[in-house]
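Chemist: Model the following, please.
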Amino acid sequence: MEKFKAFLKRKNIVISAKRYGIDALSAMAQGLFASLLMGTILSTLGEQAGIELLVLIGGYAKAATGPAMAIAIGYALQAPPLVLFSLAAVGTAANASEIAGAGGPLAVLIVTIFAAEFGKAVSKETKIDILVTPFVTIFVGVGLALWWGPGIGFVAGGVGNAIMWATELQPFLMGILVSVIVGIALTLPISSAAICAALGLTGLAGGAALAGCCAQMVGFAVLSFRENRWGGLVAQGIGTSMLHMGNIVKNPRIWIPAILSSAITGPLATCVFRLEMNGAAVASGMGTCGLVGQIGVYTGWIADIAAGNKAGISAFDWAGLLLICFVLPAVFTWLFGELLRRIGWIRKNDLKLDL
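Modeler: Residues are numbered from 1 along each chain as shown. I've put the predicted structure just below:
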C-alpha cells in the first residue's frame, strides 16, 4: 500500500473531491465557455447582423466543445503534454451526441478524469512513451466513453428532465429551490455552468437557475459597492461573485442577502415572467458573467420564433429579463444588506475585496 501511495504521489495523481469535484469541474466550465458559449455568441451575432463569417466561425467553435472541455480538465489535473493532447480525442468521443446524448458534458468530465489519470500513470514509464502514453489515454478514454457514455447520458438526462418537469408542475417551489441551489453553486468554488450543462437545464428550470446566479453576482456587486466601488461592481457584476468566498468563510452572514434575493427572483421568474432559458443549457448557470446568460435567453427566443413556438419578442419579455437579471437582485439584496448592517450582522469591511 505504501508503494502504491508513493507511486500515486510521484505521478501527481491526487484522488480527492477537490481535485475532481472543484478543480476539474471549474476547468470544464472554462472549456465550455471558450467553445460552446463563445461559438453560440458569435453565431447569434452573425445571424442577427447577417455576417456569414461569424456564423461559420461560431460553428467551428461549437464543434470543438468536447475537445475543449477534455483538454481543460486535463490541464486542471496537471496532465503531462502527451496525455493532455491525447485528451482531444477522448473529449470528442465522450461529447458525441450519438454516445452520451444530452449528458455529454458529464460524460466528458467522468471519462476524461479516468483517461487522464491512467495516462499520467504510464507517462514516461517506458522507452516508447511517444506510443504508449497516447495509446493508453485514448484507448481508456474512448473505450469508457463507448461503455459508460449511454448510461451517463441517460442518468443526466433523467435528472435534468425531472427537475424541469417538477419546475413546470410546481413553478413556485421549484423556482425557489433551483434558484437558490444553483446560485449558491455559482459563488462556491465549483461550476454552476458545468452543473447546468451536465443536467441540460433549460426551460423554466433554466430561467430559475439564471435568476439565482444573477441574484448572487448583481447582489454582491451592489451589496459591496461602498467597500469596493466601481471596480468591484464590474469585477463581480460581469465577472464572478466567487471573489467573496474568502469573506464568506470569515463571516457567512454576508451571504444571506443574495440568497434571500434569489429565493424571491426565482419564483418571480417561473410564475410571473415565465422566463425560460431555451438557449444553451450552460448559459443557465452563467448569470451575468459576460452577459452570457442574457444572450442565452435571447438566442432561445430567436430559436423559438424560428421554430414557430413564439410569435415574437414582447416588451413583457424584455421587462422580465431586465427585472430578474439586474433590477430586482440589486434592489432586494441592497435592502436585505442594509437590514443586516443595522443589526450588526454585516460589519465594516466584511465585504472588502483585494482588487
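Chemist: Please name every helix or strand in contact with the longest helix seen in the chain.
Modeler: Longest helix in the chain by number of residues (criterion: DSSP state H): helix 129-169. Applying 3 or more Cβ pairs under 8 Å, 6 or more residues apart in numbering; DSSP states H and E, we find helix 129-169 packed against helix 81-94, helix 97-100, helix 104-122, helix 171-187, helix 192-199, helix 203-223. C-beta coordinates here come from the backbone N, C-alpha and C atoms, glycine included.
Chemist: Among these, which comes closest to V132?
Modeler: Comparing those against V132 with Cβ to Cβ, the closest turns out to be helix 104-122 (5.6 Å).
Chemist: avg pLDDT for stretch 68-84?
Modeler: Averaging pLDDT along stretch 68-84 yields 96.
Chemist: Start the count at 9 instead of 1 going forward.
Modeler: Noted, 9 is the first residue going forward, which turns the last one into stretch 76-92.
Chemist: From F12, how far out is A96?
Modeler: Distance of A96 to F12, given as Cβ to Cβ, to the nearest Å: 30 Å.
Chemist: more neighbours, those two?
Modeler: Between A96 and F12, counted using other Cβ atoms under 10 Å, the more crowded position is A96 (17 against 8).
Chemist: Quick one: residues contacting A96.
Modeler: A96 is in contact with P75, A78, I79, counting by Cβ atoms under 8 Å, 6 or more residues apart in numbering.
Chemist: In strands, which of those appear?
Modeler: Using DSSP state E to define strands, no part of the contacts of A96 is located there.
Chemist: Top of those residues by number of neighbours, please.
Modeler: Busiest of the contacts of A96 [other Cβ under 10 Å] is A78, holding 31 neighbours.
Chemist: Is that one in contact with A35, as I believe?
Modeler: No: counting by Cβ atoms under 8 Å, A78 does not reach A35; the two are 10.1 Å apart.
Chemist: got the contact list for F122?
Modeler: Going by Cβ under 8 Å, 6+ apart, F122 touches V148, G149, L152.
Chemist: Now with 10 Å, please.
Modeler: Neighbouring residues of F122 by Cβ atoms under 10 Å, 6 or more residues apart in numbering: V98, T145, V148, G149, G151, L152, A153, W156.
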